[in-house]
Structure formats: structure tokens, C-alpha cells
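Colleague: Structure of the sequence below:
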Amino acid sequence: MNEVLEDLVAKIEDIAGDRLVGVYLHGSLAMGSFFPESSDIDVIAVTNQALENEQYRLLTEYLLARSDHPFPIEISVLNKEQLQHWKHPCLFDYHFSEDWREYFEMDPAQHFNKEGMRDADLAAHLTILNKRGRVLYGPPIKEVFPAIPVEDYKNAILADYQDCLEEMDDDPVYSILNMLRVYRYLQDGMINSKLEAGEWGLLQLPEYQSVLRKVIAVQKGDSKLLDMQEVDSLREAIHKPVKGML
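Modeller: Okay, here's the model as predicted:
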């Protein structure tokens with residue numbers, strides 16, 4: 001993992017040159033809950049000004065070759081002005097993840113340096129980064145990133161929560177664990193990884209321990225089959241108290 005991170009940072013530094021401010025790790029790896037079968041490497045890079053299209057082309061070329069070999073990489077590139085003049089949903093200059101791979105492979109130039117691109121999820125990513133992130137290159141986190149308003153963070157996680165409710169069948173493990181993350185945050189303000197939220201759920205919802213243990217096992221890389229009726233019951237058990245807090 002250290003080799004992967006070092007290679008990624010070196011490539012970003014090489015491509016961005018003196019425009020690079022820093023590279024920062026957030027997500028499961030930063031929170032000690034990374035599992036090779038189910039986790040991404042989540043990174044945010046900050047520049048002092050937007051990169052040129054040729055630099056984004058080189059970065060995309062690298063990511064298409066490197067991401068998912070062996071771990072998926074998700075990266076957003078923002079410039080300092082976007083952070084200093086924070087507005088939710090946040091502007092960004094570039095994004096890559098495995099979900100975007102096919103678009104870059106079809107026509108990468110369509111996704112370079114587009115003015116006005118915004119990502120509501122950045123409020124959540126930057127909140128986690130501020131709380132539990134890690135510097136891979138550059139100044140300390142507090143010198144680079146603004147404090148994200150609580151309402152912006154809640155707006156981002158509740159939008160994701162709604163997606164989880166509606167798309168449970170597509171990815172039940174992510175959906176259940178992410179719903180639990182939102183549940184815990186609304187209840188006591190704790191920011192958890194998906195695994196931490198799952199372990200909290202074992203205590204919070206003891207009557208659903210059996211199905212939740214299966215969900216956690218799959219998150220850790222087990223190939224267990226989930227009973228979707230059990231998953232749906234767990235979803236409703238989580239959603240009932242969450243509705244009461246909204």
C-alpha cells in the first residue's frame with residue numbers, strides 16, 4: 001500500500017509541478033478500515049491554480065493504467081480558490097474513479113477542466129478529511145482546507161442516504177453500512193468509517209446482529225450471500241429512527 005501511495009503522489013507531483021499544493025488521503029484507508037476486496041484509495045489533490053488540459057490528460061492516462069491494479073483509486077483535484085471561497089456543492093477541476101472509467105475511455109477530453117463542475121459529496125469528503133485525514137504531501141490539513149459548515153455536511157450525507165434507500169439492491173453492503181454511518185452521526189455526531197458504523201450497529205440493533213454480521217463479513221472480503229429479505233428488514237430498522245431525527 002505504501003508503494004501505491006508513493007507512486008501516486010510522485011506521479012501527481014511530476015504532472016502538476018509547481019502548481020501542486022498538496023495531496024491528502026481520506027476515506028477508509030485514512031480511518032483504518034481499508035479492505036482490498038471492497039475499498040477505494042480516496043485522495044484529494046490541491047493546486048494553486050487549475051492544471052492545463054495536457055496535465056489532466058497525463059493524469060488520466062496514468063489513472064486508467066494504475067487504478068484497480070491492485071486497488072481502485074478515486075481522486076478529486078481542487079484549486080485553492082475553490083476552497084477559499086467555499087460554496088456547497090463545491091466546485092472542482094477534475095475527478096476520476098472507476099465509476100467514471102468508461103467515460104474517460106470513450107472521450108477523456110470531455111472531462112477535463114470544465115468550468116462550473118460541482119460535487120455535493122465533497123462536503124462529506126472534506127469533513128472526513130478535516131477530522132481524520134492524512135497528509136501524503138504538502139502543508140498540514142488545517143492550513144489548506146476550510147471548516148465545512150455542518151449543514152453542508154448533513155446535506156451531503158442525507159443525499160447519499162436517500163440514494164442508499166433507493167438503490168439497496170444494487171449494493172446492499174455499501175447501502176446498509178452507509179445508512180448506519182448517517183444514523184450514528186445524527187444521533188451523536190460521530191464520524192465513522194463504514195466498518196466502525198457496522199460495529200456500532202451491532203450494539204444499537206442487537207436483534208439484527210445475524211444479518212449485520214454477514215454484511216460486515218462481505219465488506220471485509222467474505223463471499224457470503226446475503227438474504228435480501230433480511231437486508232430489507234435491517235434497512236427499515238435503521239430508517240425508522242433516522243426518519244424521527246430529520
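
Colleague: Which residue comes closest to the residue located most distally from the centre of the chain once chain neighbours are left out?
Modeller: Each residue of the chain has a distance to the centre, and by C-alpha atoms, centre = their mean the biggest one is for Glu207: 29.6 Å. Once flanking residues are discounted, Glu207 sits nearest to Ala237: 7.8 Å by C-beta to C-beta, 6 or more residues apart in numbering. In short, each C-beta sits where N, CA and C put it, glycine included.

Colleague: Surely the one you found is in contact with Pro206?
Modeller: No: Ala237 lies out of contact with Pro206 (C-beta atoms under 8 Å); the separation is 10.7 Å.

Colleague: Those two: which has the busier surroundings?
Modeller: More crowded of Ala237 and Pro206, by other C-beta atoms under 10 Å: Ala237, with 18 against 9.

Colleague: Which of the three states applies to the residue nearest to Glu207?
Modeller: helix (DSSP: H, G, I helix; E, B strand; the rest coil).

Colleague: Same question for Asp222.
Modeller: coil.

Colleague: Distance check, it against Ser193.
Modeller: 18 Å (C-beta to C-beta, to the nearest Å).

Colleague: Comparing those two, which shows the higher neighbour count?
Modeller: Ser193 (22 against 12).

Colleague: Surely the more buried one touches Ser33?
Modeller: Yes: using C-beta under 8 Å, Ser193 makes contact with Ser33 at a distance of 3.7 Å.

Colleague: By mean pLDDT, flag the weakest helix or strand of the chain.
Modeller: helix 101-106 (a mean of 90; mean pLDDT, DSSP states H and E).

Colleague: who does that one touch, helix- and strand-wise?
Modeller: Here helix 101-106 touches helix 53-66, going by 3 or more C-beta pairs under 8 Å, 6 or more residues apart in numbering; DSSP states H and E.

Colleague: Which strands border whichever helix or strand comes after the helix it packs on, and is each parallel or antiparallel?
Modeller: Reading on from helix 53-66 to the C-terminus, the next helix or strand found by DSSP states H and E is strand 73-79. Partners of strand 73-79 in the sheet, by DSSP bridges, are strand 41-47 (parallel), strand 94-96 (antiparallel).
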